[in-house]
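**Student:** No sequence on hand, only this structure:
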């Protein structure tokens, strides 16, 4: 379960229509509404021509019986997340440069089934449904996505974690797909987790696919670190271990990495609730790079980039949308934070709030930040799924920041000797 919250809640589909309502941006930043009146907007994606796409989406129907099913249904309904998925791909376009999208146009409804991830390259638009990765022909600037899609691969569908974010490799030859687990800690059997809690890699040159990394309970955001060239992701960790465990995290993802789910969290902490035999490879679990905090529900994120207009304070790091806790008092998340990266491309320090105000003083909420994306003018767009708003955050008067340099250096020489042994090599 990833989308519910404590305290009194709006009815499903409710909107905060107060025209004077504005979220609070960090010192030196301003926030305005880029678009509103949207039906559960989640993933944002900017096309090369500056148009912004957003998937209007929600969970597919859940088939969970017993007490667990009743609890999930109640919590999701209370959070406004139990309503039918709109299943739309919408175009947002600022035609006059005032920072607001005058155009809201539905590009596609057919063939969409709880869609989330979006990517574009070489005239092809890629959409990830909860259960399949699709490819469409699309001409930039067009007001519709026509024709029949090509299904590139099936994906494990539904489950507690149904979002399927995607990203193209920098050379445009591969797509990476984040697939969350079906359960909290495999309580429905590990057979139900086949192909899940993982990042998949699909090769567009030969239509092959493989699992790229595993042991990631619910990976969501995907982005390439401009400083190191590495793939990074946000991950929602497990529940029911108390309000302070386990922290959601931001981490790099080397090929073949395993992060331990469901048996282990944070490198060497074994979850004794898991009843299935521990695989031998669990001795090689990778520790996440950066803890964001328990139950913050980190979803979309982006790295600082050339042309961004967020000011010098936010010029070298990552912006993370935190959807907010459903099982913690006091609640955590419900904001957009900035994580600074050092000169070697590693996260450092504590998260800095960038956009707040989604959580009221009495613990109830007026919205939930879900995804972030760079607009063509260098401002940061933030989707708020339960309020139906896309926020635009920027530093007034800021110049677009310069290019972010790639970290270079000499590689360590190969080890030619096993110390403590009598063998040498070469």
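**Tutor:** Here it is on my side, so go on. Remember, it's a predicted structure, so these values are computed and weren't measured experimentally.

**Student:** Could you check which helix or strand contains the residue nearest to residue 266 when sequence neighbours are not counted?
**Tutor:** Of all residues not flanking residue 266 in the chain, residue 287 sits nearest, at 6.1 Å (Cβ to Cβ, 6 or more residues apart in numbering). (Glycine included, C-beta is placed from N, CA and C.) For residue 287, there is no host helix or strand (DSSP states H and E).

**Student:** how many neighbours does residue 287 have?
**Tutor:** Applying other Cβ atoms under 10 Å, we find 14 residues neighbouring residue 287.

**Student:** residue contacts, it?
**Tutor:** If you count contacts by Cβ atoms under 8 Å, 6 or more residues apart in numbering, residue 287 has them with 266, 267, 268.

**Student:** Is it correct that the second one is in contact with residue 283?
**Tutor:** Translated: residue 267. No. Between residue 267 and residue 283 there is no contact under Cβ atoms under 8 Å: 11.1 Å.

**Student:** Does the closest residue in space to residue 369 that isn't next to it in sequence lie in a helix or a strand, and which?
**Tutor:** Once flanking residues are discounted, residue 369 sits nearest to residue 321: 4.4 Å by Cβ to Cβ, 6+ apart. Using DSSP H and E, residue 321 sits within strand 317-322.

**Student:** Give me the secondary structure label for the nearest residue to residue 137 once chain neighbours are set aside.
**Tutor:** The shortest distance from residue 137 to any non-neighbouring residue, by Cβ to Cβ, 6+ apart, is to residue 147 (5.5 Å). In terms of secondary structure, residue 147 is coil; the call rests on DSSP: H, G, I helix; E, B strand; the rest coil.

**Student:** when you give positions from now on, start the count at 41
**Tutor:** Taking 41 as the first residue, the last one we looked at is residue 187.

**Student:** from memory residue 187 sits against residue 175, does it?
**Tutor:** No. Using Cβ under 8 Å, residue 187 is not in contact with residue 175, being 10.4 Å away.

**Student:** The two: which is more packed in?
**Tutor:** Neighbour count, other Cβ under 10 Å: between residue 187 and residue 175, residue 175 has more, with 17 against 10.

**Student:** Could you give the bridge partners of the more buried one?
**Tutor:** residue 166, residue 190 (DSSP bridges).

**Student:** who are the neighbours in contact with it?
**Tutor:** So residue 175 contacts 164, 165, 166, 189, 190, 191, 192 (Cβ under 8 Å, 6+ apart).

**Student:** Just the buried residues out of those, in PyMOL syntax.
**Tutor:** Here is the PyMOL command that selects the buried residues among the contacts of residue 175 (16 or more other Cβ atoms under 10 Å):
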select buried, resi 165+166+189+192
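
**Student:** ok, the contacts of residue 175 vs residue 76, which is closest?
**Tutor:** Nearest to residue 76 among those is residue 165, at 24.6 Å by Cβ to Cβ.

**Student:** can you pull out the helices in the stretch 191-340 of the chain?
**Tutor:** Using DSSP state H, counting those that start in this stretch, no helices are found in the stretch 191-340 of the chain.

**Student:** got any ranges where it has weak pLDDT?
**Tutor:** For the stretch 191-340 of the chain, no stretch has pLDDT under 70.

**Student:** ranges for the strands of it?
**Tutor:** Applying DSSP state E, counting those that start in this stretch to the stretch 191-340 of the chain gives strands spanning 206-208, 214-219, 238-243, 248-254, 259-264, 271-275, 287-292, 304-305, 309-310, 330-334, 338-343.

**Student:** so which of these gets nearest residue 130?
**Tutor:** Per Cβ to Cβ, nearest to residue 130 of the strands of the stretch 191-340 of the chain: strand 338-343, 16.4 Å.

**Student:** Show me which residues of the closest one are buried.
**Tutor:** 338, 339, 340, 341, 342, 343.
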